[in-house]
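J.: what would the 3D arrangement of this be:
(one chain, ligands or ions: 2)
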Amino acid sequence: MSDIITIENLSKSYASGVHSLHDVSLSIRKGELFALLGPNGAGKTTLISIICGLTKITHGHIQVGGYDIIHQYREARSKIGLVPQEITIDIFDSPWKTVRFSRSLFGLPNNDDYIEELLKSLSLWDKRNQKMITLSGGMKRRVMIAKALAHEPQVLFLDEPTAGVDVELRQSMWEQIRTLKSNGVTIILTTHYIEEAEEMADRIGILNNGQLVLVEDKQTLMQRMSTKQVSIELKDPLATLPNTLTPFHVSLHEHKFIKMRYDFEQETHTIADVLDTLKQNNLTYVDIQTEQDSLEDIFVRLTKS
Ligand SMILES: Nc1ncnc2c1ncn2[C@@H]1O[C@H](COP(=O)(O)OP(=O)(O)OP(=O)(O)O)[C@@H](O)[C@H]1O
Ligand SMILES: [Mg+2]
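T.: Numbering: from 1, shown residues only. Ligands and ions are numbered 1, 2, ... in the order given. This next block holds a predicted model:
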């Protein structure tokens with residue numbers, strides 16, 4: 001897969017002296033859905049604003065679709081659609097006018113069929129001539145998406161698209177985002193809903209204190225970092241563990257629970273080995289529970305200060 005965005009050694013310091021990004025290097029692949037996670041103030045919006053040309057780079061280089069975002073600003077910007085974190089629309093305008101106008105800003109000829117299709121796909125067609133002030137928050141957010149897509153960009157940035165959106169609408173937005181992706185649009189979204197990243201992303205990046213602390217394929221991430229905890233409940237209390245269990249690195253809790261924690265990949269013993277050994281020692285168990293790390297556990301581990 002070729003890269004549509006390349007970011008090299010990006011750093012950002014604001015005039016206030018705040019260092020928001022430190023030496024960030026990242027490539028976004030064409031057609032992927034990349035989820036950028038990080039606590040409040042991690043630098044997610046700063047990163048997006050820089051790529052979109054809204055905030056100045058302090059140090060580093062960025063290309064979008066092969067165009068340098070500083071020296072070939074117009075070309076680079078035409079490839080990008082941005083749905084910012086804050087809703088910015090003229091509340092007295094209608095969705096139809098707003099989206100149509102946004103397309104013209106990029107110097108493109110009118111294409112009312114495209115705008116109609118866009119508004120329909122975002123369930124905004126019925127509302128197309130209403131003043132924005134009469135729309136709900138979730139609807140306004142969808143107008144922001146339509147506006148960002150007005151010039152048919154190849155890359156769409158969604159800065160917390162589902163913040164404050166109810167569960168049902170969130171599901172339908174996920175569906176819309178998936179459709180965009182299947183139409184070939186590269187999507188970069190930031191979110192505080194870990195399950196959103198878990199559900200939607202091809203790759204996940206975690207920013208913490210302006211540093212990219214992790215970029216990983218979601219599947220690999222789940223496998224590489226996940227550890228399982230197994231708890232075996234014994235029928236009868238036990239004073240100490242039999243020596244034959246020593247190689248399995250298990251521990252005894254409350255004289256009743258045998259616990260085992262292991263990495264997926266480095267695992268040499270299986271739960272079955274432990275159960276066999278229990279049987280050989282005439283130890284009966286009544287319950288087995290397993291727990292697996294979630295992406296949230298991984299996130300918390302990487303971002304706790
Ligand atoms: N215009 C600005 N001037 C000075 N500092 C700023 C400015 N914009 C952002 N910052 C600072 O840069 C850091 C990163 O902010 P940013 O908005 O990028 O974080 P974020 O990851 O998007 O957070 P959130 O999850 O809250 O949206 C913060 O310390 C913030 O205070
Ligand atoms: Mg932000």
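
J.: please count neighbours and contacts with C-alpha atoms only from this point.
T.: OK.

J.: would you mark the buried spots in stretch 241-249?
T.: Within stretch 241-249, the residues scored as buried using 16 or more other C-alpha atoms under 10 Å are L245, F248.

J.: likewise for stretch 247-266?
T.: Result for stretch 247-266 [16+ other C-alpha under 10 Å]: buried residues F248, V250, S251, L252, K256, F257, I258, K259, M260, R261, Y262.

J.: show me the two of those residues that sit farthest apart.
T.: K256 and Y262 (19.8 Å; C-alpha to C-alpha).

J.: among the buried residues of stretch 247-266, which are in strands?
T.: V250, S251, L252, F257, I258, K259, M260, R261, Y262 (DSSP state E).

J.: now the residue in the stretch 201-305 of the chain that ligand 1 sits nearest to, nearest residue through space, not along the chain?
T.: Per C-alpha to the nearest ligand atom, G210 is where the stretch 201-305 of the chain lies closest to ligand 1, at 7.1 Å. Residue nearest to G210 in three dimensions, not counting chain neighbours: L21, with 3.9 Å by C-alpha to C-alpha, 6 or more residues apart in numbering.

J.: am I right that that neighbour is in a helix?
T.: No. L21: not assigned to a helix; according to DSSP: H, G, I helix; E, B strand; the rest coil it is strand.

J.: which ones are touching it?
T.: L10, S11, K12, S13, G43, T46, L47, N209, G210, Q211 (C-alpha atoms under 8 Å, 6 or more residues apart in numbering).

J.: where's it relative to ligand 1, distance?
T.: 8 Å (C-alpha to the nearest ligand atom, to the nearest Å).

J.: same thing with I57?
T.: Where ligand 1 is concerned, I57 sits at a distance of 13 Å (C-alpha to the nearest ligand atom).

J.: would you mind naming what in the protein lies close to ligand 1?
T.: 14, 16, 18, 20, 38-46 (C-alpha under 6 Å from any ligand atom).

J.: show the low-confidence segments of the stretch 151-300 of the chain, by residue range.
T.: Along the stretch 151-300 of the chain, the parts satisfying pLDDT under 70 run over 224-226, 263-267.
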